[in-house]
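How does the following fold in three dimensions:
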Amino acid sequence: MDNILSVQNIEKYYGKKGNVTKALDGISLNIDKGEFLGIMGPSGSGKTTLLNCISTIDKVTTGEIIVNDKNITKMRTKKLDKFRRDELGFIFQDFNLLDTLTGYENIALALTIQEINPKKIDNLIKKVAETLEISPVLNKYPYEMSGGQQQRIACARAIVTEPSLVLADEPTGALDSKSSRLLLESFERLNKELEATILLVTHDAFTASYANRIFFIKDGKIFNELVKGNDSRKEFFNRIIEVMTLLGGDVKDVF
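As a prediction, the model looks like this:
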């Protein structure tokens with residue numbers, strides 16, 4: 001399989017001499033095209049810092065991050081801006097939709113910035129909307145949608161540009177249980193039907209059970225790795241709980 005993401009022995013320090021915190025400690029991992037990978041860990045484990053470094057929001061102290069054969073740790077600002085626009089899709093906990101635009105217009109915005117032909121824009125939006133089952137709300141404004149519908153519009157916006165990697169940061173955090181399940185089923189369809197490569201950061205075992213592989217982080221290091229394999233989602237969920245129990249600390253957060 002084609003390698004999309006390679007994280008190579010990265011470290012991240014915060015603070016100044018005499019008061020330094022090591023947030024990431026020699027983390028290495030790889031993601032191939034079409035994988036659905038989860039990152040888990042208790043609060044303060046370093047999972048958000050890892051996501052911030054991969055998304056270029058933050059810079060590593062040492063080590064390298066390579067996305068689609070591009071070494072992002074050596075890119076300058078202008079190249080980073082283009083890289084984010086062309087290679088990454090972002091899904092946030094709080095949707096980040098523009099209230100004055102319809103669902104269709106929110107999705108189209110990313111394509112318009114890339115100066116895509118209007119006819120192609122329409123075809124791309126209809127395709128992703130059908131996959132995510134949001135066609136009926138495309139002409140509605142965010143305030144007219146449920147939280148789950150808003151988040152699926154946000155997913156469509158992230159995936160419609162066909163990025164190399166989709167980064168999802170606690171995407172179910174603001175949703176009720178039914179909306180969360182519908183969103184996660186949408187992630188599965190994106191992964192299987194559109195071959196989207198997804199990196200999902202979450203503290204929630206139910207959410208993580210939809211991934212195909214999970215890295216657990218503790219104290220800035222890789223603690224364990226689980227591969228779903230032929231397990232059912234319920235069986236995978238139980239294995240996740242077992243590892244979270246070994247992790248200790250915020251185990252109660254996974255329920």
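
how about the closest residue to F92 other than its chain neighbours, what does it touch?
Excluding the flanking residues, the one nearest F92 by Cβ to Cβ, 6 or more residues apart in numbering is D169, at 5.8 Å. All C-beta atoms are positioned from the backbone trio N, CA, C, and that covers glycine. By Cβ atoms under 8 Å, 6 or more residues apart in numbering, D169 lies in contact with 48, 51, 90-93, 201.

Mind checking which of those land in helices?
Residues of the contacts of D169 located in helices (DSSP state H): 48, 51.

Please produce a PyMOL select command covering the buried subset of the contacts of D169.
Typed into PyMOL, the next command selects the buried ones out of the contacts of D169 (criterion: 16 or more other Cβ atoms under 10 Å):
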select buried, resi 48+51+90+91+92+93+201
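
what's next to the helix or strand encompassing E130, contact-wise?
According to DSSP states H and E, E130 maps onto helix 118-132. With contact meaning Cβ under 8 Å, 6+ apart, helix 118-132 is reached by 104, 107-108, 111-112, 116, 135, 138, 152, 155-156, 159-160, 186, 189-190, 193-194.

and after that helix, which helix or strand comes next?
Of the helices and strands lying after helix 118-132 in sequence (DSSP H and E), the nearest is helix 147-159.

packing partners for that next one?
Here helix 147-159 touches strand 88-91, helix 103-113, helix 118-132, helix 177-193, going by 3 or more Cβ pairs under 8 Å, 6 or more residues apart in numbering; DSSP states H and E.

I'd like the average pLDDT over the second one.
This points to helix 103-113. Helix 103-113 carries an average pLDDT of 92.

How far away from the center of its chain is that helix?
19 Å (Cα atoms, centre = their mean, to the nearest Å).

Tell me the buried residues in the helix holding E130?
Under the neighbour-count criterion of 16+ other Cβ under 10 Å, helix 118-132 has 121, 124-125, 128-129, 131-132 buried.

Adding distance to S146 and pLDDT as columns, could you present these in a markdown table?
Below are the buried residues of helix 118-132 laid out as a markdown table (distance: Cβ to Cβ, whole Å; pLDDT from 0 to 100):
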| residue | distance to S146 | pLDDT |
| --- | --- | --- |
| I121 | 25 | 94 |
| L124 | 24 | 94 |
| I125 | 20 | 95 |
| V128 | 19 | 92 |
| A129 | 16 | 94 |
| T131 | 18 | 90 |
| L132 | 14 | 91 |
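
Could you name the stretch from the helices and strands packed on helix 147-159 that's closest to P42?
For these, the distance to P42 is smallest for helix 177-193, at 20.2 Å, taking Cβ to Cβ.

Let me know the angle separating that closest one from helix 118-132.
120 degrees (axes from the mean of the first three to the mean of the last three Cα atoms, to 10 degrees).

And helix 177-193, what's buried?
So for helix 177-193, counting by 16+ other Cβ under 10 Å, buried means 179-184, 186-187, 190-191.

JSON lines for those residues, including pLDDT and distance to I217?
Formatted as JSON lines, those follow (pLDDT from 0 to 100; distance: Cβ to Cβ, whole Å):
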{"residue": "S179", "pLDDT": "89", "distance to I217": "27"}
{"residue": "S180", "pLDDT": "90", "distance to I217": "22"}
{"residue": "R181", "pLDDT": "91", "distance to I217": "25"}
{"residue": "L182", "pLDDT": "90", "distance to I217": "28"}
{"residue": "L183", "pLDDT": "90", "distance to I217": "23"}
{"residue": "L184", "pLDDT": "92", "distance to I217": "21"}
{"residue": "S186", "pLDDT": "90", "distance to I217": "26"}
{"residue": "F187", "pLDDT": "91", "distance to I217": "21"}
{"residue": "L190", "pLDDT": "90", "distance to I217": "24"}
{"residue": "N191", "pLDDT": "92", "distance to I217": "22"}
